[in-house]
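[1] Task: produce atomic coordinates for the following.
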Amino acid sequence: MTAKNWISFTAIVLLLSACRTAKLAHQPVKVKPDIPVHVITEQTDPVKSDAEGESFSAARYNINKVQKLSTATWQGQLQERLDSIANIPLFESTQLGLCVYDLTDDKMIFSLNADQRMRPASNQKLVTAITALDLLGTNYRYYPTILSPGWGWCWDDDETGIRDFNGGGSRWNADTLYYEKYERTLGNILVPMMKKSDNMLAESMFWQLTANRDLKRVKRKDCVAKVDEVVRKTGGTFSDYVIADGSGVSLYNYLSPRLLLMLLRHAYQHKDIYDALYPALPIAGVDGTLSKRMKGTVAEGNVHAKTGTVTGVSTLSGYCRHSSGHILAFSIMNQGIPKAAVGRDYQDDVCVILCGGFRNS
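    Numbering: from 1, shown residues only. Model prediction:
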């Protein structure tokens, strides 16, 4: 081979090698998830295995990498049923956030769109109540007063609304929307605020978070800072949410299912907070805004939770007792739904599953 031919041959080899390297550089890298992702779907995706033989599957619904549990356990069966109920036509055009936490074992057992910020509607009252109980305590005394309507209030809330201005209070002066002349403890206010989803009581509690008696000097950002103080105790951050008011009437509120769940866990871990919050929540099939829901199912009497409804949004977050005896915290957020009843029916099915039953056919 002549020197000229050798140079040409070498150049061709180098060119082919460079092309192969470039092709490999653009191929996707296969990475094993940190934690096996549990997903049960009606599709027939093959289960993959890593080099050590540990099986895992790509997330389709349960996208927050909650470890798969054996279906020989009630927790594994619960995961399977929740995965199944997440794979329905409703969620081709609407959004769902769903988190379930086993408070007895202190671990997350289901998580779908946990960090998506959604409108909470009256689930916002959970944030207000838990913050107030944490910072002020049930014996804190004040006059229920708010100074102005919330930022971006929406008056089509199905649970309560502008009619609140006509009950139990009056206009104090030109700058005050609502004023109640009797001093009450936070504990006294908590039950009607949660059971009846009373917006005005929730707003009055929100504006008291700073424990400043001169409310004319208090700004919304001061109250939000108090919420942030408690949220940080749960491991959350300010970027996880937007707080527009204390009641959830505003369409500018945004919370994530995980944030609500972690606040419920925080309350459960502090007996003084939990002992005040738990009995104040509506009980399925018994009282409050859940009085007509889940009757005749295993969830009746076993679900204590806060409802939430504004146009296109239906939420339910709280506690339930599984048939195993374990206490669960959950948050269900439906957004973009055509009717509130659609969200409520779905939430009722989920709660039946959480209590150890099967969804309605």
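
[2] And for the residue lying closest to residue 250 once chain neighbours are set aside, the neighbour number?
    Once flanking residues are discounted, residue 250 sits nearest to residue 244: 3.8 Å by CB to CB, 6 or more residues apart in numbering. Just so you know, the C-beta spots here come from the backbone N, C-alpha and C atoms, and that holds for glycine as well. Around residue 244 there are 20 other residues, counting by other CB atoms under 10 Å.

[3] for residue 84, same thing?
    15.

[4] Which secondary structure state does it sit in?
    helix (DSSP: H, G, I helix; E, B strand; the rest coil).

[5] And residue 71, what's its pLDDT?
    Among the per-residue scores, residue 71 shows a pLDDT of 86.

[6] Same question for the one 5 residues further on.
    Residue 76 carries a pLDDT value of 92.

[7] can you give me the strands in the protein?
    Remark: strands assigned in the chain by DSSP state E are 48-49, 55-56, 95-102, 107-112, 141-142, 145-146, 178-179, 184-185, 303-310, 313-321, 327-335.

[8] for the residue nearest to residue 250, what are its contacts?
    150, 151, 152, 220, 250, 251, 252, 253 (CB atoms under 8 Å, 6 or more residues apart in numbering).

[9] what about the nearest residue to residue 353 once chain neighbours are set aside, distance to residue 310?
    Of all residues not flanking residue 353 in the chain, residue 81 sits nearest, at 4.8 Å (CB to CB, 6+ apart). The gap separating residue 81 from residue 310 is 29 Å, by CB to CB, to the nearest Å.

[10] These two: who's more crowded?
    Legend: neighbour count by other CB under 10 Å for residue 81 and residue 310, higher for residue 310 (24 against 21).

[11] dump the residue contacts of the residue lying closest to the more buried one once chain neighbours are set aside.
    Nearest non-adjacent residue to residue 310, counting by CB to CB, 6+ apart: residue 121, 4.6 Å away. Contact partners of residue 121, counting by CB under 8 Å, 6+ apart, are 157, 248, 308, 309, 310, 313, 314, 315.

[12] Near residue 208, how many other residues are there?
    Applying other CB under 10 Å, we find 28 residues neighbouring residue 208.

[13] Does it touch residue 140 like I think?
    Yes: Residue 208 is in contact with residue 140 according to CB atoms under 8 Å; the separation is 7.5 Å.

[14] Could you tell me which residues touch both of these two?
    Contact with both residue 208 and residue 140 is made by residues 132, 186, according to CB under 8 Å, 6+ apart.

[15] circling back to that earlier point, do you know the pLDDT at the residue nearest to residue 250?
    Note for residue 244: predicted pLDDT of 92.

[16] quick one: it and residue 188, what's the gap?
    Plainly put, residue 244 is 26 Å away from residue 188 if you go by CB to CB.

[17] again with residue 280
    Residue 280 is 11 Å from residue 188, where distance means CB to CB.

[18] What of residue 256?
    Distance from residue 256 to residue 188, counting by CB to CB: 31 Å.

[19] Now do the same contact list for the residue minimising distance to the centre of the chain.
    Centroid-nearest residue in the chain, with CA atoms, centre = their mean: residue 257, separated by 2.0 Å. By CB under 8 Å, 6+ apart, residue 257 lies in contact with 97, 98, 99, 111, 113, 114, 116, 118, 317, 331, 332, 333.

[20] Swap in 6 Å and give it another go.
    97, 99, 114, 331, 333 (CB atoms under 6 Å, 6 or more residues apart in numbering).

[21] Tell me how many other residues crowd the residue lying closest to residue 102 once chain neighbours are set aside.
    Nearest residue to residue 102, sequence neighbours excluded (CB to CB, 6+ apart): residue 109, at 5.2 Å. Residue crowding around residue 109 was assessed by other CB under 10 Å; the count is 23.

[22] Give me the buried positions along stretch 186-198.
    Of all the residues in stretch 186-198, those buried under the rule 16 or more other CB atoms under 10 Å are 186, 188, 189, 190, 191, 193, 194, 195, 196, 197, 198.
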